[in-house]
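# Okay, here's the prediction I keep looking at, along with the sequence it came from:
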Amino acid sequence: QEQLVESGGGLVQAGNSLRLSCAASGRIFSTYAMGWFRQAPGKEREFVGAISWNGGTTYYAASMKGRSTISRDNAKNTIYLQIDTLKPEDTAVYYCAAGPVVAGTLGPYAYWGQGTQVTVSS
């Protein structure tokens, strides 16, 4: 059974950086694209970025491009999301997801983690 577990969230000050991790178990991780999404209170879940199965392609939301980096280590079954220059509006629960293709929408992602809370103080 595929399982995704996010970690690395917490309370950080605006302007700082944060790196989230998503550890995957199961046999499909190394062949699946992985995405990061976030959901702020009262808002819909939104796309942050995604990475192809081999790390060769990355795709970011316009609001995150230039200050976020997604990477993966297939030997460790783990993907990472680093966000630099954090802003209070980055406060949200961050989720990782696995799916067959790199996509900027929720639909193609078949597996989801439980999320990790990121709170950015001003």
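Yep, it's here.
# which residues touch stretch 89-101?
2, 4, 6, 9, 20, 22, 24, 28-29, 32-40, 43, 45, 48, 79, 81, 83, 106, 108-120 (C-beta atoms under 8 Å, 6 or more residues apart in numbering). To be clear about C-beta, it is placed using only N, CA and C from the backbone, and glycine gets the same treatment.
# Buried ones among those residues?
When neighbours are counted using 16 or more other C-beta atoms under 10 Å, those contain these buried positions: 4, 6, 9, 20, 22, 24, 29, 32-38, 45, 48, 79, 81, 83, 106, 108-109, 111-113, 115-116, 118, 120.
# Among those residues, which lie within strands?
Judged by DSSP state E, strands contain the following of the buried ones among the contacts of stretch 89-101: 4, 6, 20, 22, 24, 33-38, 48, 79, 81, 83, 111-112, 116, 118, 120.
# neighbours around T69, how many?
Look at T69: counted by other C-beta atoms under 10 Å, it has 17 neighbours.
# That one is in contact with Q82, isn't it?
Yes. Proximity of T69 to Q82 meets the contact threshold set by C-beta atoms under 8 Å, at 4.7 Å.
# Just confirm K76 is within a helix.
No. Per DSSP: H, G, I helix; E, B strand; the rest coil, K76 lies outside any helix segment and is coil.
# Contacts only, for the closest residue in space to it that isn't next to it in sequence.
Leaving aside its sequence neighbours, K76 sits nearest to A23 (C-beta to C-beta, 6 or more residues apart in numbering; 7.8 Å). Applying C-beta under 8 Å, 6+ apart to A23 gives the contacts 4-5, 7, 76-78.
# ok, the closest residue to L106 other than its chain neighbours to L4 distance?
Leaving aside its chain neighbours, L106 sits nearest to R45 (6.3 Å; criterion: C-beta to C-beta, 6+ apart). Counting by C-beta to C-beta, to the nearest Å, the gap between R45 and L4 amounts to 15 Å.
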